[in-house]
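Student: Pasting the sequence and the predicted coordinates here, then a few questions.
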Amino acid sequence: MGIQVITEKCTGCTVCVKTCPFGAITVINKKAVIDFNKCTLCGACVSACKFNAIFLDKSQSQIKGTPDISSYKGVWVFAEQKKGKVQSVAFELIGKASELAAKLKTHTAAVLLGHDIEHQAQELICAGADTVYVVDYPQLASFQDEPYTNVLVKLIAKYKPEIVLSGATFIGRSLISRVAIKINAGLTADCTGLDIDHEKKLLLQTRPAFGGNIMATIVTPNHRPQMSTVRHKVMPQPPLDKNRKGKIVKETFPLECFASRSKLLDVVEEVESLVNIAEADIIVSGGRGMGGHENFKLLEELAQVVGGAVGASRAVVDAGWMPYSHQVGQTGRTVAPKVYFACGISGQIQHLVGMQSSKTIIAINKDPDAPIFKIATYGIVGDVFQVVPELIKKFKEKLKK
């Protein structure tokens, strides 16, 4: 085995027992005993042992159940669809997947699950996919955890992709976590950046950590595929090349793959009176500086004049001034509009993570030292209750002309 206890040195002190995160060590007759069915060869016990009584042979330290990673090739994207239409986050990820694949000198593929959706495969090829794996069954028309998980797990086992990406949507988060558990792979959620380590050929997965106060880069060296979910609007959507050629592979599975312990009775669509902020080209967003729920009518008026949507910071949502569906930031929506108005928003990192990809940021705040001004394209130091009405007036005058 890759790890062993040197009984002559072991004193039975139990430090290794307390250190092991997997409960793989017990002490019998004052000697440490390792349960290799639980041990993952993480090495925590080796560094914890003061008597050097545990030895890890790194040349033999491949984790039990870890695949031969050299056989895994390709960068995959789970192409999420709703009502037979591929969602824009899939196209964003295919653009990034193509970049990653070029650095790894491998291919890009998309996985499309649904019913009557084969016609959508060519669009994925136009966006950058070399291959699209299509699984078309009535049972896959609407997302359900178990059928989708079963199919994706089987596809991964068959084709062995090196990297699998998915949108950090309600569907993506539910699906990919289940897949990762079943195939014993690592998963980094809510990534805001992806790159390749040129020397080690590993996926560098960057995401906010410790409440958004730092950005952590995570690697998965021992398991394949390397799996990440990425927030909508974090990656730019590539232009479609209508002349691009690719391969469409139709996959079939026995009906038992689509069995589910739950039954889908109905799909109730959320009714939104305002523009969906995730898709809006212009967002007028308010923070604690707006002072209260009633003052958001001012921002709604500005949004209506410019044809945009209303957003909010977490503090606003927590205070009950605006519903969660309007929240922009680390724990809300990630947006990348053409224009983002930040009204009375100080600019904490948790909020910036969700909107810093906006093309033009217009910040309005009476505090000249507010962090939002560091990333703003244009900054207005002033009272939002004086500045916003003037903006509304000017925009209305422009529209009349």
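Tutor: In hand now; what should we look at?
Student: Every contact and neighbour count from this point should use C-alpha atoms.
Tutor: Will do.
Student: quick one: the helices in the stretch 151-300 of the chain?
Tutor: For the stretch 151-300 of the chain, applying DSSP state H, counting those that start in this stretch gives helices covering 170-183, 296-306.
Student: can you tell me which residues contact L299?
Tutor: Listed by C-alpha atoms under 8 Å, 6 or more residues apart in numbering, the contact set of L299 reads V284, S285, G286, V310, V388.
Student: go on, S166?
Tutor: By C-alpha under 8 Å, 6+ apart, the contact set of S166 is V77, F78, A79, E80, A90, L93, G172, I176, S228, T229, V230.
Student: Sketch out the low-pLDDT regions of this structure for me.
Tutor: For the chain, the stretches with pLDDT under 70 are 1, 58-68, 210-213, 269-275, 401.
Student: coming back round to it: now the contacts of S166 as JSON lines including distance to G246 and neighbour count?
Tutor: JSON lines is the format used below for those (distance: C-alpha to C-alpha, whole Å; neighbours: other C-alpha atoms under 10 Å):
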{"residue": "V77", "distance to G246": "15", "neighbour count": "30"}
{"residue": "F78", "distance to G246": "17", "neighbour count": "25"}
{"residue": "A79", "distance to G246": "16", "neighbour count": "29"}
{"residue": "E80", "distance to G246": "19", "neighbour count": "24"}
{"residue": "A90", "distance to G246": "17", "neighbour count": "25"}
{"residue": "L93", "distance to G246": "17", "neighbour count": "31"}
{"residue": "G172", "distance to G246": "25", "neighbour count": "20"}
{"residue": "I176", "distance to G246": "25", "neighbour count": "27"}
{"residue": "S228", "distance to G246": "24", "neighbour count": "29"}
{"residue": "T229", "distance to G246": "25", "neighbour count": "25"}
{"residue": "V230", "distance to G246": "24", "neighbour count": "28"}
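Student: Go through those residues and name the one nearest V305.
Tutor: For these, the residue nearest V305 by C-alpha to C-alpha is A90; the value is 31.2 Å.
Student: Give me the neighbour count for P337.
Tutor: Neighbour count of P337, defined by other C-alpha atoms under 10 Å: 23.
Student: Go ahead and confirm it touches D281.
Tutor: Yes: taking C-alpha atoms under 8 Å as the definition, P337 is a contact partner of D281 at 4.4 Å.
Student: what do these two both touch?
Tutor: Counting by C-alpha under 8 Å, 6+ apart, nothing touches both P337 and D281.
Student: for Q237, phi and psi?
Tutor: Per-residue torsions, Q237: phi -80, psi 130 (degrees, to the nearest 10).
Student: For it, which non-adjacent residue is spatially closest?
Tutor: E92 (4.2 Å; C-alpha to C-alpha, 6 or more residues apart in numbering).
Student: okay, now the one you found: neighbour count?
Tutor: 23.
Student: element containing S142?
Tutor: Using DSSP states H and E, S142 sits in no helix or strand.
Student: can you check A121 too?
Tutor: helix 121-127.
Student: what packs against the next helix or strand after that helix?
Tutor: Going down the chain from helix 121-127, the next helix or strand is strand 131-136, by DSSP H and E. Applying 3 or more C-alpha pairs under 8 Å, 6 or more residues apart in numbering; DSSP states H and E, we find strand 131-136 packed against strand 108-114, helix 121-127, strand 247-250.
Student: Pairing partners for strand 131-136, with directions?
Tutor: Using DSSP bridges, the strands paired with strand 131-136 are strand 108-114 (parallel), strand 247-250 (parallel).
Student: Most tightly packed of these?
Tutor: Highest mean neighbour count of those: strand 108-114, a mean of 26 (counted as mean count of other C-alpha atoms under 10 Å).
Student: about what we covered before: who wins on neighbours among the contacts of L299?
Tutor: Counting neighbours by other C-alpha under 10 Å, G286 comes out on top of the contacts of L299 with 31 neighbours.
Student: And for K393, the neighbour number?
Tutor: Using other C-alpha under 10 Å: K393 sits among 12 other residues.
Student: can you check K297 too?
Tutor: 11.
Student: where's it relative to C16, distance?
Tutor: K297 sits 60 Å away from C16, going by C-alpha to C-alpha, to the nearest Å.
Student: repeat for A303
Tutor: According to C-alpha to C-alpha, A303 stands 60 Å off from C16.
Student: closest one to T188 among the helices and strands packed on strand 131-136?
Tutor: In terms of C-alpha to C-alpha, the element of those nearest to T188 is strand 108-114, at 19.2 Å.
Student: ok, back up a step: could you dump the contacts of L299 into CSV with distance to F395 added?
Tutor: Listed next are those as CSV, based on distance: C-alpha to C-alpha, whole Å:
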residue, distance to F395
V284, 14
S285, 17
G286, 19
V310, 17
V388, 11
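Student: Pick out the most distant pair among those residues.
Tutor: Greatest spacing in the contacts of L299, by C-alpha to C-alpha: V310 and V388 (13.5 Å).
Student: still on that earlier bit, using the three-state scheme, assign the residue nearest to Q237.
Tutor: State at E92, reduced to three classes by DSSP: H, G, I helix; E, B strand; the rest coil: helix.
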